[in-house]
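>>> Next come a sequence and a model predicted from it.
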Amino acid sequence: MLYGSAARHQGPPTGTIDVLVVVRTLADAALGAAGTATRAWMKAGHPAPLTLTSSEWRTSADIFAIEYADILSVHRVLYGALPTDGLAVSRRDLRLELEREVMGKLIQLRREMQARHGDGAAQRALLEAAHGTIFALFRAALRLTEGLTAPYLDSDVVARDVAAKAGFDAAPFLALVAHRRGTA
């Protein structure tokens, strides 16, 4: 199953392609057999597929609430079916993970930006690398404030909406989006 930015956007993917594989069982031999394809996939610039057993998939929505909310709102099944019967993300779990992740990311970015003070190119590279996480957290915040269930497909809209709700300037995030798109 395709998830993440490649699933949210129309047309061919332009960044990394995130793949979730849900299997009935997972033996070491199966992981070994997938090794060559996984290495080739990673060499092409994509993260290794996220592989879960169906039991792990069905019982982890509380632990990975932000990720599950994103996946459940928009994904593309490539083969088989994604087992979603009875699977839901609670607002409580989403809020707890969001609080933890936002504070962790803020502290991490602050430390890294401080270490790169005076080096605009290094700071830009850091923010570009954090783009996916930042916007996943923004979407989670919008889900909490708006009860959002439909996917946010456009990063500009996400940045503007979350900035309006939280009371901060969207301009730096809009500039980041434009830079990533090559329109800055």
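Looks like it arrived, so ask away. Residues are numbered from 1 along each chain as shown.

>>> Would you mind checking which helix or strand in this structure has the lowest mean pLDDT?
helix 5-8 (a mean of 84; mean pLDDT, DSSP states H and E).

>>> What average pLDDT does stretch 74-91 get?
Per-residue pLDDT values over stretch 74-91 give a mean of 90.

>>> What is the end-to-end distance of it?
18 Å (C-alpha to C-alpha, to the nearest Å).

>>> Other residues contacting it?
The contact list for stretch 74-91 (C-beta atoms under 8 Å, 6 or more residues apart in numbering) reads 1-3, 7-8, 19-20, 22, 54, 57-58, 61-62, 65, 68-69, 72, 144, 151, 153. Using the backbone N, CA and C atoms, a C-beta is placed for each residue, glycine as well.

>>> chain center to the longest strand along the chain: distance?
Counting residues, the longest strand found in the chain (DSSP state E) is strand 18-23. Chain-centre distance of strand 18-23: 14 Å, with C-alpha atoms, centre = their mean, to the nearest Å.

>>> Report the distance from stretch 46-63 to the chain centre.
For stretch 46-63, the distance to the chain centre is 14 Å (C-alpha atoms, centre = their mean).

>>> buried stuff in that stretch?
By 16 or more other C-beta atoms under 10 Å, the buried positions in stretch 46-63 come out as 46, 49, 50, 51, 52, 57, 61.
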